[in-house]
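Undergrad: fold the following for me, if possible:
(one chain, ligands or ions: 1)
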Amino acid sequence: MSVVNPIICAIDTQNINKAISLANILHGKVGMIKLGLEFFAAHGLFGVREITKCDIPIFLDIKLHDIPNTVARTVTVIKDLNVAMLTLHITGGAKMLKEALSAAQGTKMKLVGVTVLTSMDNKDLHESGIEKEVVSQVTLLAKLAKESGLQGIVCSALEAQEVRQKCGKDCNIITPGIRINSSNDDQKRITTPREAIALGADYLVLGRPITNSIDPAKTAKLILDSLKRDH
Ligand SMILES: O=c1ccn([C@@H]2O[C@H](COP(=O)(O)O)[C@@H](O)[C@H]2O)c(=O)[nH]1
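TA: Next up is the predicted model:
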């Protein structure tokens, strides 16, 4: 899969004016804007509609995880927002994923499944009671998501090759945990933008490296240019 502009900028803020300003500044510089839990908790459906007016595709990353009925009913609310992608935790199980997909029918919204958060390493996974290594857990969940019909997978780029093998070329692989020369923050499984693309990622999610930079538009452009260079 080859995406025109694979950069997704995560706008994690409670300040709606800041979010609108960033979305306008990044228009044409990134392929999508990601709104997450912090923004959604502060502004809900109204806030997402306000960002939609900036005319840039929106990835709503609220990682739904509940019993099938609750998730499906929530998807019917979200689907009126016309967002491009919505996340669910794959660990909710096949029934939850399939009912969410049925609820999303008739829209263009892609449902994408979160595997193992990029803030976690093997130790964190083991502490949460999962004995597998991260890469095995990611591929197991990616396979379940694929079999259930989801259109994409969220994982770190470090697992992208294994996920591609399991899920095939049509699966959208979305990779947070992307870092340039900045701090890792709370991310543990990281790559650079170029490494992520080389490993087969379709989309690169960057939040703080862009939004905390002095010139977010310039930073986004530099990242995109770095992907086009031969070396
Ligand atoms: O496994 C995951 C799933 C989602 N995220 C989200 O991506 C961004 C990353 O922001 P940075 O500032 O570039 O760290 C953030 O909104 C997370 O909620 C993730 O990091 N890992």
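Undergrad: P57 reaches I33, doesn't it?
TA: Yes. Using Cβ atoms under 8 Å, P57 is in contact with I33, at 7.3 Å. (Glycine included, C-beta is placed from N, CA and C.)
Undergrad: the more surrounded of the two?
TA: I33 (25 against 15; other Cβ atoms under 10 Å).
Undergrad: contact partners for that one?
TA: Counting by Cβ atoms under 8 Å, 6 or more residues apart in numbering, I33 makes contact with 8-9, 11, 22-23, 26, 51, 54, 56-59.
Undergrad: what's the answer for I78, then?
TA: Contacts of I78 (Cβ under 8 Å, 6+ apart): 60, 86, 109.
Undergrad: ok so it is a helix residue?
TA: Yes. The assignment for I78 (DSSP: H, G, I helix; E, B strand; the rest coil) places it in a helix.
Undergrad: centre of the chain to stretch 64-75, how far?
TA: Between the centre of stretch 64-75 and the centre of its chain there are 19 Å (Cα atoms, centre = their mean, to the nearest Å).
Undergrad: closest residue of this protein to the ligand?
TA: G207 (2.7 Å; Cβ to the nearest ligand atom).
Undergrad: surely that residue touches C9?
TA: Yes. Here G207 lies in contact with C9, judged by Cβ under 8 Å, at a distance of 6.9 Å.
Undergrad: got any residues that touch both of these two?
TA: K34.
Undergrad: which one of those two has more residues nearby?
TA: The neighbour comparison of G207 against C9 (other Cβ under 10 Å) goes to C9, with 28 against 19.
Undergrad: what's the helix or strand containing that one packed up against?
TA: C9 belongs to strand 7-11 when elements are defined using DSSP states H and E. In terms of contacts (3 or more Cβ pairs under 8 Å, 6 or more residues apart in numbering; DSSP states H and E), strand 7-11 is packed against helix 16-26, strand 32-36, strand 203-206, helix 208-211, helix 216-228.
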